[in-house]
Structure formats: structure tokens, C-alpha cells
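Asks: okay, structure incoming, though there's no sequence with it:
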């Protein structure tokens, strides 16, 4: 019977020696050989064979057929029990393929009786549960096939018999199988298309500005204008907590408005594209959110850049930002508070189950500074860090009021400010001594921020 390519299915398995599919010998030769081999197989001792040669009788018949050729002859006949050969412990199917495969069952007993195999019902039952099928006496009818082992790949090719006296779809057993099989497949398909079965959204979302993104710390990922480092505190924290996925959308220059609006980015004045609102990263399944925001709302980095001086005396920077006796930087910080409140409300609305961690800003310069290493007067150094502390007070108050976790970074940063040695500092001064942006945390600082946050979350 030639191979019917329109109906074949393939099951991969153990490699067999390569051979081409040969034309079959005359039908009477196959019949005699088949009956002799089946007679021997069905009456062989019921012990588990270990090799294909044992299964097939351990002898070479006339014609010097190889093992894989003999397997082809034995399996080609539609009156075999193809369902049992592939089901569970079915001998030839499992040994030839080399591993367990799904069952392709058939109505073995009915098919045998229709084709005249077996002298009576008892004989039919004996053959259906004989050498090949005795481990699984109940077959789930579904498909009548004949099998062939082909070539070195060990493929098992299945094809339907040429004629079927009773249409498969009219058989009660087939209808019962379909009644069970179709709903199961439908349910499986629905499951495979459900959100839970698809790639799960990251559990951890990091929001914030450049203090969180880590600009110039190797390696930068994503939009280059965001300066998002793979060694910022979010990446360290994700690794420490072993969360299922991190979506880091922190970006240099971000302010509270960029939580809900897109942000145009640039490097040295050269546009580097637009990034979407950071809130787009939040989902109902988000479990952890970290947020560092506010410095750009108050313009703290720009203020600090204006404070360098060649003289160690006075408070020139503070005086510049005081108008009519009013500290304009303090005004900006106070104006930031309702904006932060709205941001925290938005996070809770989009990710109601998430643990939200809001960080403050660290210790940038110690009491009275260290002019000229950091060229800011003692008075301005205290005013600058005082402004940072004011910002931290707003953040702490809003985080607490929203039932979220506030992280103090000033206290643990003592001894690690910009005045310290390169090996000790967590924040860089105006002239960085490591790969990091001026007036920003370096890699050591980001790593320690992650440690502090992790310790708080675990406590």
C-alpha cells in the first residue's frame, strides 16, 4: 500500500537506520509472513522485551530484512492495533519511538471482527488484549490508522485504511469520544488564550526620575535620553527580591506630569525620542512599585548648578533664590505636594494590590560642605541640603498619608556624600570620580539604595 501523503501524521522518536520506503511484496507473501509473526507474538511469554529485535521475534525471516524493515512490514497492516502500539506501555510504539507518546486509539475489536480476524468473540478479545495491548485493556475509540516506521528519523507515519465498511463518524464510540474530546479542546484553547497563560506582565514597576534611572552608569538600556542603567537600584532590587519581571520606566528629566503624559528626551540638547507616560507600565497585576520623583518639579539640580563659587564665604546661592524674603525653592517644593498626592492616587487606582515604595533623596553634601572639593560655601551647602530635606519631608508625609512605604535615604547615606573619597561616596559631586552623572548617585549608591529598600521590605 503506497504512502498516502494527504493523510499522514508524524510522531518524532528515536533514530532508526536510514532507508527508503520500498514497494511492498505481493499481498500473499505479506499475509503469510504477517500471520506467522502474529502467531508467534501473541503466544510469546508475557515478559517485557528490552529491544526491538525481541519485540519482533529476534530472528530474520527469509529475504534478510533488517529490523526497521520488519517493523515496517508488521505495522503496515491495517488489522494491527495501532492505537495500542502508541498508547502508554504499548511495546513497539514505545520502544521504536524511544519515549512515551499520546495514544491514537482505534476500535480494535470491532475492526478485527469486521475484517474477519479471530475465530470468535473470545478469540477477538484475546487478540485485542494480547501481546501488544494487555497492559491497557480499555481502548478509547477515536481513529483507525495503520502505521509505518520510516527512515533514520524514526518517524511513525499514520494513515487511514483504504476502505472502512462502517463510517467512523457513525460509530457510537466515536460520538462519545468527540463529545468528550471537543469540550476539552475548547477549554484548553480558551485557557491558552487567557491572560494568565500568556506572557505575564512584570510584577515590579519602577517609576521615577534620574535619581532612580542612574544616568551614565553602565549599561544604559532603552531610550538613551532616559539614561536608564541596568545597575540602577530597581535592577538590583529586582534581583535581590527575585520578583517575576521588572518594568523599569524611570527616565532622566521626569517630573510628576510625566506619570500621565509622554516625555520628550534629549542628550546634550539633541532629541532622542519620546517615551510614553510612565503609568502605562502599571497593571492590575503589578505587585511592587517604586517611585522616586520631585527633584525636577522643584528644579533642585538646576539650583545646585547655580551654587558653585570661587569664594568660601557667604550664601550667594540662597540669596539668589530668595525674593522679597521668600525662599522660591521652598515654594516650589510646597507646590509639589499636591502633585505627588495625585500621583500616589493614580498608582493606587491602576495597581490596587501593589506594595508602593516611595523613596526620598539622599545626603548630597555634609554639614558645612567641603569647599573647594565641592565648590559651594558652607552656608549654601546647608541651605541646599536643607532644601533636599524639605522635599523628603513632603514625600514622607504623602507616602504615609496614602498608606505607602517611605524610604529615608539621608540617614544611611551619612559618610557617603559627595565630599567623601571616590571609594566611599554614593553620590557624585560636580566633577564625577566614577561613571555617573554629576550630582547623581553612582553605581555604589544605587546598589546601596537597593539594599536599604530591600531591608525595609523584608522587615
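Replies: Received it, and whenever you're ready, just let me know what you need. Here the structure is a predicted model, which means the values were calculated and not measured.

Asks: next, the buried residues of the helix or strand encompassing residue 382.
Replies: If you go by DSSP states H and E, residue 382 is part of helix 378-401. Judged by neighbour count (16 or more other C-beta atoms under 10 Å), helix 378-401 contains these buried residues: 378-385, 387-388, 390-392, 394-395, 398-399. For glycine as for every other residue, the C-beta is placed from the backbone atoms N, C-alpha and C.

Asks: which residues of the stretch 301-450 of the chain fall in strands?
Replies: Ranges of strands in the stretch 301-450 of the chain, per DSSP state E, counting those that start in this stretch, are 322-323, 326-327, 355-359, 405-407.

Asks: deepest of those strands, which one?
Replies: Scoring these by mean neighbour count under mean count of other C-beta atoms under 10 Å gives strand 355-359 as the most buried, with a mean of 21.

Asks: packing partners for that one?
Replies: Contacts defined by 3 or more C-beta pairs under 8 Å, 6 or more residues apart in numbering; DSSP states H and E place strand 355-359 against strand 288-292, helix 328-350, helix 378-401, strand 405-407, helix 443-458.

Asks: any chance of JSON lines for these, columns distance to residue 249 and mean pLDDT?
Replies: Output for those, formatted as JSON lines (distance: least, C-beta to C-beta, whole Å; pLDDT from 0 to 100):
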{"stretch": "strand 288-292", "distance to residue 249": "11", "mean pLDDT": "99"}
{"stretch": "helix 328-350", "distance to residue 249": "13", "mean pLDDT": "99"}
{"stretch": "helix 378-401", "distance to residue 249": "19", "mean pLDDT": "98"}
{"stretch": "strand 405-407", "distance to residue 249": "19", "mean pLDDT": "99"}
{"stretch": "helix 443-458", "distance to residue 249": "16", "mean pLDDT": "97"}
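
Asks: out of these, nearest to residue 279?
Replies: Residue 279 sits nearest to helix 328-350 of all the helices and strands packed on strand 355-359, at 6.0 Å, using C-beta to C-beta.

Asks: which strands and helices lie in contact with the closest one?
Replies: Going by 3+ C-beta pairs under 8 Å, 6+ apart, helix 328-350 lies up against strand 288-292, helix 295-298, strand 355-359, helix 378-401.

Asks: how about the helices and strands packed on strand 355-359 in a markdown table, adding distance to residue 270?
Replies: Putting the helices and strands packed on strand 355-359 into a markdown table (distance: least, C-beta to C-beta, whole Å) gives the following:
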| stretch | distance to residue 270 |
| --- | --- |
| strand 288-292 | 25 |
| helix 328-350 | 28 |
| helix 378-401 | 29 |
| strand 405-407 | 34 |
| helix 443-458 | 25 |
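
Asks: looking at those, which is closest to residue 307?
Replies: Among the helices and strands packed on strand 355-359, helix 378-401 comes nearest to residue 307, with 5.0 Å by C-beta to C-beta.

Asks: other SSEs contacting that closest one?
Replies: By 3+ C-beta pairs under 8 Å, 6+ apart, helix 378-401 packs against helix 295-298, helix 300-305, helix 316-320, helix 328-350, strand 355-359, strand 405-407.

Asks: strands paired with the fifth one, and their directions?
Replies: Sheet partners assigned to strand 355-359 using DSSP bridges are listed as strand 288-292 (parallel), strand 405-407 (parallel).

Asks: quick one: contacts for residue 404?
Replies: By C-beta atoms under 8 Å, 6 or more residues apart in numbering, residue 404 lies in contact with 344, 356, 357, 358.

Asks: re earlier: what would the strands paired with strand 355-359 look like in CSV with distance to residue 417?
Replies: What follows is the strands paired with strand 355-359, written out as CSV (distance: least, C-beta to C-beta, whole Å):
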stretch, distance to residue 417
strand 288-292, 18
strand 405-407, 17
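
Asks: so which bits of stretch 434-449 are buried?
Replies: Buried residues in stretch 434-449 (16+ other C-beta under 10 Å): 436-449.

Asks: which of the residues you listed sits closest to residue 304?
Replies: So of those, ranked by how close each gets to residue 304 (C-beta to C-beta), first place is residue 439, at 5.6 Å.

Asks: is it true that that closest one touches residue 302?
Replies: No. Taking C-beta atoms under 8 Å as the definition, residue 439 is not a contact partner of residue 302, at 10.1 Å.

Asks: show me where pLDDT drops low in the chain?
Replies: Where the chain drops to pLDDT under 70, the residues are 1-27, 29-30, 34, 37-200.

Asks: domain-wise, how is it divided?
Replies: The chain breaks down by automatic domain parsing into domains covering 5-166, 204-458.

Asks: list the contacts of residue 290.
Replies: By C-beta under 8 Å, 6+ apart, residue 290 lies in contact with 204-208, 212, 233-234, 237, 356-359, 453.

Asks: save those residues as a markdown table, and put in distance to residue 278 too.
Replies: Formatted as a markdown table, the contacts of residue 290 follow (distance: C-beta to C-beta, whole Å):
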| residue | distance to residue 278 |
| --- | --- |
| 204 | 14 |
| 205 | 8 |
| 206 | 9 |
| 207 | 5 |
| 208 | 8 |
| 212 | 11 |
| 233 | 16 |
| 234 | 12 |
| 237 | 17 |
| 356 | 14 |
| 357 | 15 |
| 358 | 14 |
| 359 | 15 |
| 453 | 18 |
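
Asks: how about residue 238, nearest residue that isn't a chain neighbour?
Replies: The shortest distance from residue 238 to any non-neighbouring residue, by C-beta to C-beta, 6 or more residues apart in numbering, is to residue 246 (4.0 Å).

Asks: actually residue 432, sorry about that
Replies: Once flanking residues are discounted, residue 432 sits nearest to residue 438: 5.6 Å by C-beta to C-beta, 6+ apart.

Asks: what do you get for residue 230?
Replies: Using C-beta to C-beta, 6+ apart, the closest residue to residue 230 is residue 219 (4.9 Å).

Asks: residue 267 now?
Replies: Spatial nearest neighbour of residue 267, excluding adjacent residues (C-beta to C-beta, 6+ apart): residue 225 at 5.4 Å.

Asks: just checking, that neighbour touches residue 268?
Replies: No. Counting by C-beta under 8 Å, no contact exists between residue 225 and residue 268, whose distance comes to 9.9 Å.

Asks: between these two, point out the one with more neighbours.
Replies: A side-by-side neighbour count of residue 225 and residue 268, using other C-beta atoms under 10 Å, places residue 225 first with 23 against 6.

Asks: neighbours of the nearest residue to residue 322 once chain neighbours are set aside, just the number please.
Replies: Closest residue to residue 322 apart from its sequence neighbours, by C-beta to C-beta, 6+ apart: residue 328 at 7.1 Å. The tally of other residues near residue 328 (other C-beta under 10 Å) stands at 15.

Asks: likewise for residue 234?
Replies: Residues lying near residue 234 (other C-beta under 10 Å) number 31.
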